[in-house]
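Participant: coords please:
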Amino acid sequence: ASAESLALQACDDVDSLHAVQRAYACIEKLIVPQRVGETEEVFPTRTELGALVRLVNEELQRRIEAADATTQSLRAALGEGGVQ
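Facilitator: Take a look at the predicted model:
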């Protein structure tokens, strides 16, 4: 893979991490309601929240590993090409 394609992949990987961060922000809003009245409207169980956080953690880990692999490949490609 070329350095350019790896750089594009790294950007895509970072975008994926932003999507996971937005999911965590959503979870935070579920856990910490902004208004007292919201607790009756949205009341997830501990089991449901645990399942959601576990799923997000697994996806975040997958995306971190993908981003790490891409950046390692990019470093190798840049090192082989003599680009600093």
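Participant: In space, not sequence, find me the middle residue of this structure.
Facilitator: For the chain, the residue nearest the mean C-alpha position is residue 17 (2.8 Å; C-alpha atoms, centre = their mean).
Participant: Now that residue: which helix or strand?
Facilitator: Taking DSSP states H and E as the definition, residue 17 sits inside helix 3-31.
Participant: try residue 80
Facilitator: Using DSSP H and E, residue 80 falls in helix 46-81.
Participant: same for that helix, what does it pack against?
Facilitator: Secondary-structure packing of helix 46-81 (3 or more C-beta pairs under 8 Å, 6 or more residues apart in numbering; DSSP states H and E): helix 3-31. In this view, the C-beta of every residue, glycine as well, is placed from N, C-alpha and C.
Participant: any idea of the angle the helix it packs on forms with helix 46-81?
Facilitator: Angle, helix 3-31 to helix 46-81, by axes from the mean of the first three to the mean of the last three C-alpha atoms, to 10 degrees: 160 degrees.
Participant: how near is the spatially closest residue to residue 59 that is not a sequence neighbour to residue 4?
Facilitator: In this structure, residue 59 finds its nearest non-sequential neighbour in residue 20, 6.1 Å apart by C-beta to C-beta, 6 or more residues apart in numbering. Distance, residue 20 to residue 4, using C-beta to C-beta, to the nearest Å: 25 Å.
Participant: do residue 14 as well
Facilitator: Applying C-beta to C-beta to residue 14 and residue 4 gives a distance of 16 Å.
Participant: So between those two, which is more surrounded?
Facilitator: residue 14 (13 against 10; other C-beta atoms under 10 Å).
Participant: Tell me if I'm right that that one and residue 67 touch.
Facilitator: Yes: using C-beta atoms under 8 Å, residue 14 is in contact with residue 67, at 6.6 Å.
Participant: Test my guess that residue 23 contacts residue 56.
Facilitator: Yes: between residue 23 and residue 56 there is a contact under C-beta under 8 Å: 5.2 Å.
Participant: what pLDDT does the nearest residue to residue 63 once chain neighbours are set aside get?
Facilitator: Nearest residue to residue 63, sequence neighbours excluded (C-beta to C-beta, 6+ apart): residue 16, at 4.6 Å. Per-residue confidence at residue 16 stands at 79 (pLDDT).
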